[in-house]
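[1] model the following, please.
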Amino acid sequence: MNNNRPSRNQLKFAFLAVCFLLLLALPLYFGDTYNLGICILVLYYAFMASAWNIVCGFLGELSLGHSVFVGLGGYTSTLLFVNLGWSPWLGMVAGALVAGTTGIIIGYPCFRLRGPYFTLTTIAFAELLRVYVESAEVGPFGLPLKGAMGLLLPLRRQSLALLEFHDKVPYYYLILAFLILGVLITYFIKVHRLGYFLTAIRSDPDAAASLGINVTKYKLIAMVISCSLIALGGSFYAQYFRYIGPERIFGIDISVQIALIALVGGQGTIIGPIVGAFLLVPLGEFLAGKFGGNLPGLHLFIYGIVMMLVVLYLPKGVYRFLLDLAAKAERAWAGSRVALKEN
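    Residues are numbered from 1 along each chain as shown. Next comes the predicted model:
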């Protein structure tokens, strides 16, 4: 046995370190271009899918209403910034607190439901809030929501404190930092006792409860973490696009898009949502640019076909498929070395 051979964990660490360095250097290659904008969207959806994965991947509850928390984060930070002059950083924290509290309010009754009933209930909550914001000119505490028009963030000056920049590079590094935060949190959950409890609950809630695990408590903890992270993404969305509207940010389409990215990449894994974002977001942008203008709707049809093929033939996700390939290649390499030594 070769003691100098690097272990699998060392190889994973080296691979992740190389990927991190490449991501750091990416703006030097693209600059402030359309391609850098696509990279920002990739990292954004990777972060959002990682946050969503805490509830679905680790806990096993399929939520298609997480747009509620995207909207709460975005609207909270925007309203505080526009009307009260709060820094967007404080607005992000406030949005995360509002989303986390709402996650408890929604999750406590909904977690008593199982299967499709939980999923349908989350969709209903998202649609109710979307309709309310879309039709309300004035919201809580007399703050103007402006209904379907949405809210524009005023341009003041380039400032880190105001999260306002004249080019895309600072936004790129900000969302990269968010993604790293999301990955570290999901890694901590996976290796911590919380991760084992969530896995037990996902496998069999009744058996987990019989072993003394407080099922409701740990479900709500996962929900609060997921909702708070999703709200941070909603605040970033508002700051990056300088606009927030109910149709997009509260709509079910963003919930479905986040869920599909995690499912295609590999739910229940740390890297899977990132792999899904790097595959689906550029594919969607390419198809929209190629066919969206000439043949409206064709890009969505092709996009749907690709996702159907992935779900049918790679049910565990692309990331797990790549891991299986790597394991088979490693076994084949080890077998060939043994055969050479015997000969």
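[2] check whether G60 sits in a helix, strand or coil.
    Under DSSP: H, G, I helix; E, B strand; the rest coil, G60 falls in the coil class.
[3] distance of it relative to F321?
    21 Å (C-beta to C-beta, to the nearest Å). All C-beta atoms are positioned from the backbone trio N, CA, C, and that covers glycine.
[4] mind listing the helices for this protein?
    With DSSP state H, the ranges of helices along the chain come out as 8-30, 34-53, 67-84, 88-110, 116-135, 169-191, 193-203, 205-210, 215-241, 246-249, 252-265, 272-291, 298-313, 318-342.
[5] tell me which of those lies nearest to L152.
    helix 67-84 (8.4 Å; C-beta to C-beta).
[6] flag every buried residue along that closest one.
    Neighbour counts over helix 67-84 (16 or more other C-beta atoms under 10 Å) mark 67-82 as buried.
[7] tell me the one of these nearest L232?
    Among the buried residues of helix 67-84, G73 lies closest to L232 (C-beta to C-beta), at 6.2 Å.
[8] which residues touch the closest one?
    Contacts here follow C-beta atoms under 8 Å, 6 or more residues apart in numbering; on that basis G73 touches 92, 95-96, 98-99, 230-235.
[9] ok, now how distant is it from P205?
    29 Å.
[10] check I38 too.
    Per C-beta to C-beta, I38 is found 40 Å from P205.
[11] and what of K290?
    K290 is 46 Å from P205, where distance means C-beta to C-beta.
[12] of these two, which one has the most company?
    For the pair K290 and P205, the greater number of neighbours falls to P205 (18 against 13), based on other C-beta atoms under 10 Å.
[13] find the nearest non-adjacent residue to that one, please.
    V215 (5.3 Å; C-beta to C-beta, 6 or more residues apart in numbering).
[14] likewise D167?
    Excluding the flanking residues, the one nearest D167 by C-beta to C-beta, 6+ apart is D32, at 4.2 Å.
[15] quick one, what contacts the one you found?
    Here D32 is in contact with 167-169 (C-beta under 8 Å, 6+ apart).
[16] point out where this structure drops to low pLDDT.
    Residue ranges of the chain with pLDDT under 70: 1-11, 292-300, 339, 342-343.
[17] what do you get if the cut-off is 50, keeping everything else the same?
    1 (pLDDT under 50).
[18] for stretch 283-290, what is the distance to the chain centroid?
    20 Å (C-alpha atoms, centre = their mean, to the nearest Å).
[19] could you pull out the buried residues of that stretch?
    284-285, 287.
[20] who's in contact with the closest residue to E137 other than its chain neighbours?
    In this structure, E137 finds its nearest non-sequential neighbour in G147, 5.3 Å apart by C-beta to C-beta, 6+ apart. The contact partners of G147, by C-beta under 8 Å, 6+ apart, come to 133-137, 246.
[21] right, I'll leave it there.
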